[in-house]
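Engineer: What shape does this take:
(one chain, ligands or ions: 2)
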Amino acid sequence: MDDKKIIFSGVQPSGNITLGNYLGAIKNWVNFQEDYNCIYAMMDMHAITVRQNPAELRKRTLDLLKIYIACGIDPEKSLLFVQSHVPAHAQLSWALNCYTYMGELSRMTQFKDKSARHADNINAGLFTYPVLMAADILLYQADLVPVGKDQMQHIEITRDIAERFNSIYCKEGNPVFKVPEGFLPKSGAKVMSLQEPTKKMSKSDENPKAFISMLDDINVIANKIKSAVTDSEGVIEFRPDDETKAGINNLLTIMAAVTGSTEEKIAQEFAGKGYGDFKKAVAEAVVEEIKPIRKRYDELSESKDYLEEICKNGAERANKIASRTVNKVYKKLGFVL
Ligand code: ATP
Ligand code: LTN
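Structural biologist: Ligands and ions are numbered 1, 2, ... in the order given. Below is the predicted model of the structure:
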């Protein structure tokens, strides 16, 4: 093994990938590939915390792999695999469940949100989801976890669980787990709904105009941006703490994340212009970004064998790394080996 630091992240194949998932997570994963050992997974075990149609879940998992590759994740450089192909995730998750408190899990915002939205299915998996996420990260001794802002609370609990376990079992300064750091992008860590810009853009929103799917038709994408909710002030300024500007702030953030500029600079460029012109420019920038991704995605649709080979190969490599951590943990716990 070289001494490069390790990156771990993943997305759930629970719906169409949105511009929020892309700007908050996947786009940033690409740049790490040169300087880090990157591991990116398709988190199917997380997806079943809400009901899924089995045939769709299976399809979406491979579609997600296509999206990763189309966005620029190179299977030659990064380790890509399907979470359920590596039993160590379930194994470590069980062990860590016994080192995580009900009180800690009850404070998780995502649990509160999702149990409100799925009141008929508040299952134990939804509650212990952050423990599975901690297992994902800790199995690979990750140094850095690039995610959107909504996941930072889960990174915090991962750190707490790792530190707790290390402090109980690793008194001589030889920790079982690396304590990871979260990583947020400069712009795009929280892309908001286009229809209710004080809410996060979410792939499970009932209103399809609220989110941009990476697989939406190019014209549909442009139209969704053009009909984004703004305000009646008519001034293009970035005021992140002013809720009345949430719509404009969000469009500035999207533009900044896509172009690599900053919200302030873009606001200056468009000072004095109308919202119509601004929206048109944002729509163009987003379409330019997504077009080549879509092209590569469509090309990959012809390559089922190639995708399956990546999963098989990835699972083998991931199993090797992950089972090493599980063995260490089992030894510490006192299981007969
Ligand atoms: P759901 O909305 O159905 O709960 P999700 O869109 O949050 O799902 P995940 O698979 O949970 O999807 O998220 C994958 C990654 O995308 C995570 O790193 C998450 O932080 C990031 N992400 C999700 N939504 C946004 C958003 N609106 N802005 C920025 N990043 C986001
Ligand atoms: N919970 C994440 C997806 C996820 C993840 C992870 C992200 C599952 N395990 C490990 C980073 C590292 C989400 O985005 N909802």
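Engineer: I figured Ser78 was touching Cys38, is that so?
Structural biologist: Yes: Ser78 lies in contact with Cys38 (C-beta atoms under 8 Å); the separation is 4.1 Å. All C-beta spots, glycine's among them, are computed from the backbone N, C-alpha and C.
Engineer: Looking at these two, which is more packed in?
Structural biologist: Neighbours were counted for Ser78 and for Cys38 using other C-beta atoms under 10 Å; Cys38 has more, 26 against 20.
Engineer: my guess is that one meets Phe81, correct?
Structural biologist: No: using C-beta under 8 Å, Cys38 is not in contact with Phe81; the gap is 12.0 Å.
Engineer: quick one on the thing from earlier: what is in contact with Ser78 and Cys38 at once?
Structural biologist: Residues within reach of Ser78 and of Cys38 at once, by C-beta atoms under 8 Å, 6 or more residues apart in numbering, are Trp29.
Engineer: Disregarding residues adjacent in the polypeptide, which is nearest to Pro197?
Structural biologist: Ala246 (3.8 Å; C-beta to C-beta, 6 or more residues apart in numbering).
Engineer: Surely the one you found forms part of a helix?
Structural biologist: Yes: counting by DSSP: H, G, I helix; E, B strand; the rest coil, Ala246 is part of a helix.
Engineer: Report the separation between it and Gly234.
Structural biologist: 15 Å (C-beta to C-beta, to the nearest Å).
Engineer: higher neighbour count, these two?
Structural biologist: Ala246 (20 against 10).
Engineer: Contacts only, for the more buried one.
Structural biologist: Applying C-beta under 8 Å, 6+ apart, the residues near Ala246 are 192, 197-198.
Engineer: Ok, Glu196 next?
Structural biologist: 210, 229.
Engineer: The one 5 residues further on now?
Structural biologist: If you count contacts by C-beta under 8 Å, 6+ apart, Met201 has them with 18-20, 191-194, 210-212.
Engineer: mind redoing it with 7 Å?
Structural biologist: Contact partners of Met201, counting by C-beta atoms under 7 Å, 6 or more residues apart in numbering, are 18-20, 191-193, 210-211.
Engineer: So what's the residue count around whichever residue of the chain sits closest to ligand 1?
Structural biologist: Nearest residue of the chain to ligand 1 (C-beta to the nearest ligand atom) works out as Gly24 at 1.9 Å. Close neighbours of Gly24, defined as other C-beta under 10 Å, add up to 27.
Engineer: returning to what we had before: would you mind checking which of the contacts of Met201 is nearest to ligand 2?
Structural biologist: Using C-beta to the nearest ligand atom, the contacts of Met201 come closest to ligand 2 at Gly20, 10.3 Å.
Engineer: so what's that closest one up against?
Structural biologist: 148, 191, 200-201, 211.
Engineer: now with 6 Å?
Structural biologist: Gly20 makes contact with 191, 201 under the criterion C-beta atoms under 6 Å, 6 or more residues apart in numbering.
Engineer: Just give the nearest non-adjacent residue to Lys178, would you?
Structural biologist: Using C-beta to C-beta, 6+ apart, the nearest residue to Lys178 is Gln141, at 4.3 Å.
Engineer: Tell me if the one you found really is in a helix.
Structural biologist: No: applying three-state DSSP, one finds Gln141 to be coil, outside a helix.
Engineer: Make sure it is actually in contact with Pro180.
Structural biologist: No: assessed by C-beta atoms under 6 Å, Gln141 is found out of contact with Pro180, at 8.5 Å.
Engineer: Could I get the contacts of Met201 in a markdown table, plus columns for distance to ligand 1?
Structural biologist: Formatted as a markdown table, those follow (distance: C-beta to the nearest ligand atom, whole Å):
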| residue | distance to ligand 1 |
| --- | --- |
| Thr18 | 6 |
| Leu19 | 8 |
| Gly20 | 3 |
| Val191 | 4 |
| Met192 | 7 |
| Ser193 | 8 |
| Ala210 | 10 |
| Phe211 | 8 |
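Engineer: Please consider this matter closed, and thank you.
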